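>>> After the sequence you'll find the predicted model.
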Amino acid sequence: MHVRYARGLGGRARPDPGAWSRWRCVLLSGLLVTAAASSEAQPAPKQVLMLHSLNRGNLVLDQFTGDFHVRLDQQAGKPVNVVQVVIGPTGFVGASNQALVDYVQSIYADRAPPDLVMTVGGPAAAFARRHRGQLFPEAPLLFASVDQRYLRDAPLGDNETAVPVINDFPGLIDNILHLLPDTKQVFMVIGSGSLGRFWRGVLEGEFTRFRGRVTFIWSDQLSLPDILRRVASLPSHSAIVYLAFGTDAQGGAYADHQVLADLHAAANAPMFSAFTPLFGHGVVGGSMMSIGGLAGRTADVAGRLLNGAPPASLRSAPQSRGDPMFDWRELQRWGIPESRLPPGSVVQFRRPSLWDEYKWTVLAAITVLLLQTLLIARLLYERRARRRAEIDSRQNLSLAADADRRGTMSAMASSIGHELGQPLSAIRYNAQALQMMVTTNQAAPDETGEILADIQAEAILATKIIDRHRTLLRSHQLHKKPIELRSVIDESLALVAHDMRGGQVEVTLDLSSTPCVVEGDQVLLVQVLVNLLRNAVDALAAMPAERRHVTIRSAATAAGVEVSVSDRGAGLPAEIIGTLFTPFVTTKSHGLGVGLAIAQRIVDAHGGTIGAHENPGGGATFTVTLPRSAPGAAVGSLEPSRSV
């Protein structure tokens, strides 16, 4: 192909417009020739003449026609030309039957006659039968959506077939009475004019068996505004049946969806119908005829007729009502329980439940709640186990402390005898002196009084010694109360005084001038301090006399109270520093290694801490820290530091 270019502004080459025009003409001519050849090669599409009983706007007719076209094209595998003519009361208003025949014939005046003639509804079927000789008698005739009773009165010919229906309108009333047994009145919406008269004439005869139980009100003489006013003020125990509308008594034409919407908004009674296309437009539901199924069956028969099947060989069973289905929204609106629905009913338009809409969210929430429940249960179990362990620990602490005290007292048996020996000897010597004075008759009142006072003082001292040891020996449970730490130190020193004198150990007290009051158990705290003092005495046994020294210090801070026991012994062995307070760890050949472990548990029970460290100049220091009690709880006076 050669294209001639001309120079334009800027020196650029551009195509010659004349050359492009000539080439476009050549290409267009080629396409037209190809299309003509293709059309001559393909057969002409099949032609169907469809005679309707009702005009468009009728939901039943519109669904039937739409579904029929789609199914017929699928059946044929290619498009089929369908010419629709409305010959019923809503078609050519005022036209005679012959005028309608002439109009139909004029459609095919310059084209081939239809390959199939079909009717939809009773009025169209009657029209086709009446004018069969004029309406293409050679073409097969298919009666669609015609009542089977019509075919019984006018049997099918050889070139005719039908897809009949069973219009069981009394069954519709039975369904209403099954759902609403108290129904006394039914308002029938059937349109007006010839259509209304047709429906009323048919239905009044079929509803005779309901006489005396149900009163029927007919809409064929009412305008749409009058109908809306009537349905808004129906008496109780009423129902509404919608079959068709078309036009009202004033001649106004209305589409079904508009009338149904107005009725649904105004009605004070539930509305029912016999055809599925009206379902979802405010109709409660019931056992309705499936128009989609009817259209599919009709298209199948029409396709077989177009493919050459003889009409007499195609005899279809009548289409009846389908399985009951109901609109959940209308059941809720009118308070109709689902328990009244017939068996096998299908409920549609059900509002999704929380589970349906948020299934995974609900599952996630349930999972989280279960995990939280398990976690809480685990925590409660652990809390209970911890409390049980604490109780067991306290019981074990008491048992261990008792065992330790008994062991301590057993080791201090000789000191008990020594402590008691002094006051008892004094008592004996005073008693002997008094007896000698009485025997020689030399007992003066003053001297006798002094001797008796000495005897009484020594007896009191012996009683205190016995009580002190008895208290330490007796089984004891933790019992906290405000105590002055000085009394604990004094009591502890009194218990180990004999051991210290025997080991030639000197004690220095460096006590705080501030009251050191703690919430504690004096017996158990004395046991802790006695344990630390006895360990210090044991640590000093091998030391020279100048190093046998123990210092007891106390200090009060804002947070707590500290008491420490320091010695100048050999110090802590490196291998046990980290395990000092572990049970059965000891450096003594005769020890069990439970004293410090029990001391730590007693201090823990008081909410305090106990620790140890080596002194720079040798020896070790054990420090007990306890929470401080409220101010003003201390009892007794304080003394300055002193040596024992």
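Yes, it's here. Numbers count the residues shown, from 1 in each chain.
>>> CA atoms for contacts and neighbours, from now on please.
OK.
>>> which other helices and strands contact the helix or strand hosting Val202?
Using DSSP states H and E, the element containing Val202 is helix 193-206. Secondary-structure packing of helix 193-206 (3 or more CA pairs under 8 Å, 6 or more residues apart in numbering; DSSP states H and E): helix 169-179.
>>> So what touches the helix holding Val202?
Pro89, Phe169, Pro170, Ile190, Trp218, Ser219, Asp220, Phe245, Thr247, Asp248, Ala249 (CA atoms under 8 Å, 6 or more residues apart in numbering).
>>> What is the burial count for the third one?
Burial measure for Pro170: 15 neighbouring residues, criterion other CA atoms under 10 Å.
>>> shouldn't it be in contact with Phe207?
Yes. Between Pro170 and Phe207 a contact is recorded at 6.2 Å, counting by CA atoms under 8 Å.
>>> residues in contact with the most far-flung residue of the chain relative to its centre?
If you look at how far each residue of the chain sits from its centre, by CA atoms, centre = their mean, the farthest one is Thr440, at 105.3 Å. Contacts here follow CA under 8 Å, 6+ apart; on that basis Thr440 touches nothing.
>>> Next one: it relative to Ala433, how far apart?
Plainly put, Thr440 is 11 Å away from Ala433 if you go by CA to CA, to the nearest Å.
>>> Secondary structure class of Met500, three-state.
What DSSP: H, G, I helix; E, B strand; the rest coil gives for Met500 is helix.
>>> which residues sit in contact with it?
Under the contact definition (CA under 8 Å, 6+ apart), the residues listed for Met500 are Glu506, Val537.
>>> pLDDT at it, what is it?
Looking at Met500, its pLDDT stands at 84.
>>> got it, and Ser238?
With respect to pLDDT, Ser238 scores 96.
>>> Next: Ala162.
93.
>>> Go ahead and confirm it touches Arg315.
Yes. Taking CA under 8 Å as the definition, Ala162 is a contact partner of Arg315 at 6.8 Å.
>>> Please identify which of the two sits among more neighbours.
Neighbour totals were compared for Ala162 and Arg315, and Ala162 leads with 27 against 14 (other CA under 10 Å).
>>> OK, contacts around Leu224?
Contacts for Leu224 were tallied using CA under 8 Å, 6+ apart; they are Asp248, Ala249.
>>> That one and Ser53, how far apart?
Relative to Ser53, and taking CA to CA, Leu224 is found at 22 Å.
>>> ditto for Phe210
From Phe210 to Ser53 the distance is 29 Å (CA to CA).
>>> How about Arg384?
From Arg384 to Ser53 the distance is 84 Å (CA to CA).
>>> Kindly report the same for Ala139.
20 Å.
>>> So the two - more neighbours on which side?
Set Ala139 next to Ser53 and count neighbours by other CA under 10 Å: Ser53 wins out with 23 against 19.
>>> picking that back up, in the helix or strand following the helix holding Val202, what counts as buried?
Following helix 193-206 in sequence order, the next helix or strand is strand 215-218 (DSSP H and E). Going by neighbour count (16 or more other CA atoms under 10 Å), the buried part of strand 215-218 is Phe216, Trp218.
>>> can you list contacts of strand 215-218?
So strand 215-218 is contacted by Lys184, Gln185, Val186, Phe187, Met188, Val189, Ile190, Arg200 (CA under 8 Å, 6+ apart).
>>> again, only this time at 10 Å
Defining contact as CA atoms under 10 Å, 6 or more residues apart in numbering, one finds that strand 215-218 is touched by 183-192, 196-197, 199-200, 204, 207, 210, 227, 230, 238-241.
>>> Strand partners (parallel or antiparallel) of it?
Taking DSSP bridges as the criterion, strand 215-218 forms sheet pairs with strand 185-189 (parallel).
>>> Check which helix or strand Ala555 maps to.
If you go by DSSP H and E, Ala555 is part of strand 549-556.
>>> what's the answer for Val117, then?
strand 116-120.
>>> any low-confidence regions in the stretch 51-200 of the chain?
88-95 (pLDDT under 70).
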